[in-house]
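In: Give the three-dimensional model of this entry:
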Amino acid sequence: MREDLAYSIKCIRFDENYRPSDGTRATTNFANLARGSRRKDNLRNAFTMIDNRFNALARWDNPNSDRYSVELDIISAEVTIGDGSCINAFPLIEILNPTICDQKTGKRICGIAGNNFSSYVRDYDFSIRLPQHNKGQAHFSAPEDFGVLHGQLFKCFLASAAYRENFDKPPVICLSVSGSRTYHRTENKHHVLGVEYQQDEFSLTDQYFERMGLQVRYFMPANSAAPFAFYFTGDLLNDYSPLELIGTISTMETFQRIYRPEIYNANSPAGRCYRPSLTHQDYSLTRIVYDRDERSRLAVQQGQFAEEHFIKPYWNILQQWSARHTAA
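Out: The predicted structure is shown next:
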């Protein structure tokens, strides 16, 4: 039995009629919005927020702030091992791919793949493996090889024919800053990404993404309440056009305002020295229903799903494959 991993990609439109498939993580930003009796209102309001934020940032030749709209596709990466006979396609990664619609010219402009980042294996690492490693320990730590397998899975996905056939540029993942770190504003300012922040020490999430081959920089766009963590390869400031970057900002700021309003919908912006906190009280709520406690519980369940259906059954194969690619 060969140890090669093969990737395939599925694409589904994310709009107000979207319903999560069986292979979609229930904690994913977009899947969470598409549940319950308010699902259509949730989705419609979120898309309005994305479009409004995009037009606010893309001010040039846009006097009425209505020139652009953003369409989103969910990109699902599945993996099979060897000839596929020993494992059904496992739903490894989900990302978002924006398309920017210019109402003035009729052009459709490809955005940057990535944005949100969803991974069953990451749920396993953070919700199952990390707590097991720290059980009974006096001081928190991570296993020495924490994130190595996931990092190799991600890097091989980017190098796969499936990714190259669908995307011309590497992805950019945009996440919340860490509540365990302090961020300091610098004098560096980008015309789209905004003012840059720096921190003295990487968070565990930063280290995890580093093993995926991604570096990180922190920027707070104009009129945002807090900086964002942008994970990327290459040159974030020069590899992407202003409209591409705005597509990522408008999409992910909308999600963060919904899911972390204490940070990203705060009533006053981050200062020169900033420590994010989910206990911050001076913030506004969006009109979108969201159950954060349920999301935390589901992360554990989905980590268990990955352990049961991917990690344990194919542990030896995955370890041999990861070691081979790490040594290459």
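
In: Secondary structure of residue 100: a strand, I assume?
Out: Yes. With DSSP: H, G, I helix; E, B strand; the rest coil as the criterion, residue 100 is located in a strand.

In: For the stretch 151-300 of the chain, give me the ranges with low pLDDT.
Out: 291-296 (pLDDT under 70).

In: Mind jotting down where the strands sit in it?
Out: 172-176, 183-190, 194-199, 215-220, 228-232, 273-274 (DSSP state E, counting those that start in this stretch).

In: can you list contacts of stretch 236-251?
Out: In this structure, residues lying in contact with stretch 236-251 by CB atoms under 8 Å, 6 or more residues apart in numbering are 50-51, 53-54, 57-58, 68, 70, 72, 96, 98, 100, 109-112, 114-116, 169-170, 172, 174, 190-193, 217, 221, 224, 228, 230, 232. Any C-beta I mention is one placed from the backbone N, CA and C, and that applies to glycine too.

In: Buried among those residues? Make that a PyMOL selection.
Out: Buried residues within the contacts of stretch 236-251, by 16 or more other CB atoms under 10 Å, are selected in PyMOL with:
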select buried, resi 50+51+53+54+57+58+68+70+72+96+98+100+109+110+111+112+114+115+116+169+170+172+174+192+193+217+221+224+228+230+232
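
In: Next one: the closest residue to residue 264 other than its chain neighbours from residue 224, what distance?
Out: Setting aside the residues directly before and after it, residue 264 is nearest to residue 256 in space (CB to CB, 6 or more residues apart in numbering), at 4.0 Å. From residue 256 over to residue 224 the distance is 9 Å, taken as CB to CB, to the nearest Å.

In: what does residue 138 give?
Out: Relative to residue 224, residue 138 is positioned 39 Å away (criterion: CB to CB).

In: cool, and residue 245?
Out: Distance, residue 245 to residue 224, by CB to CB: 13 Å.

In: same thing with residue 171?
Out: The value you get for residue 171 to residue 224, if CB to CB is used, is 21 Å.

In: What of residue 253?
Out: As judged by CB to CB, residue 253 and residue 224 stand 6 Å apart.

In: give the contact list for residue 99.
Out: Residue 99 neighbours (CB under 8 Å, 6+ apart): 70-73, 108-111.

In: Residue 68 is in contact with residue 58, correct?
Out: Yes. Contact criterion CB atoms under 8 Å: residue 58 and residue 68 qualify, at 5.7 Å.

In: Helices of the chain, residue ranges please.
Out: Here the chain has its helices, by DSSP state H, at 29-33, 39-57, 120-124, 130-134, 148-159, 161-166, 204-210, 242-259, 261-264, 292-306, 315-327.

In: who does the nearest residue to residue 228 once chain neighbours are set aside bridge with?
Out: Nearest non-adjacent residue to residue 228, counting by CB to CB, 6+ apart: residue 174, 5.3 Å away. Going by DSSP bridges, residue 174 is paired in beta bridges with residue 230.

In: pretty sure residue 174 is touching residue 112, no?
Out: No. Using CB under 8 Å, residue 174 makes no contact with residue 112, being 9.1 Å away.

In: Residue 284 versus residue 267, what's the distance?
Out: For residue 267, the distance to residue 284 - CB to CB - is 6 Å.

In: hang on, I meant residue 51
Out: The value you get for residue 51 to residue 284, if CB to CB is used, is 19 Å.

In: which ones are touching residue 307?
Out: The contact partners of residue 307, taken as CB under 8 Å, 6+ apart, are 124, 128.

In: any idea how far it is from residue 118?
Out: In terms of CB to CB, residue 307 sits 17 Å off from residue 118.

In: just residue 209 next, same as before
Out: In terms of CB to CB, residue 209 sits 14 Å off from residue 118.

In: ok, now residue 273?
Out: 32 Å.

In: Provide a list of residues in contact with residue 75.
Out: Per CB under 8 Å, 6+ apart, neighbours of residue 75: 9-11, 94-97, 113, 166.

In: residue ranges with poor pLDDT in the stretch 1-150 of the chain?
Out: 1-3, 21-32, 34-37, 82-88.

In: can you tell me how far the closest residue to residue 207 other than its chain neighbours sits from residue 130?
Out: Distances taken as CB to CB, 6+ apart place residue 147 nearest to residue 207, at 7.2 Å, with adjacent residues excluded. Per CB to CB, residue 147 is found 10 Å from residue 130.

In: for residue 120, same thing?
Out: 15 Å.

In: more neighbours, these two?
Out: Between residue 120 and residue 130, counted using other CB atoms under 10 Å, residue 120 has the larger neighbour count: 24 against 19.

In: Residue 308 is in contact with that one, correct?
Out: No. The criterion here is CB under 8 Å, and residue 120 misses it with residue 308 at 10.6 Å.

In: Fine, thanks again, bye for now.
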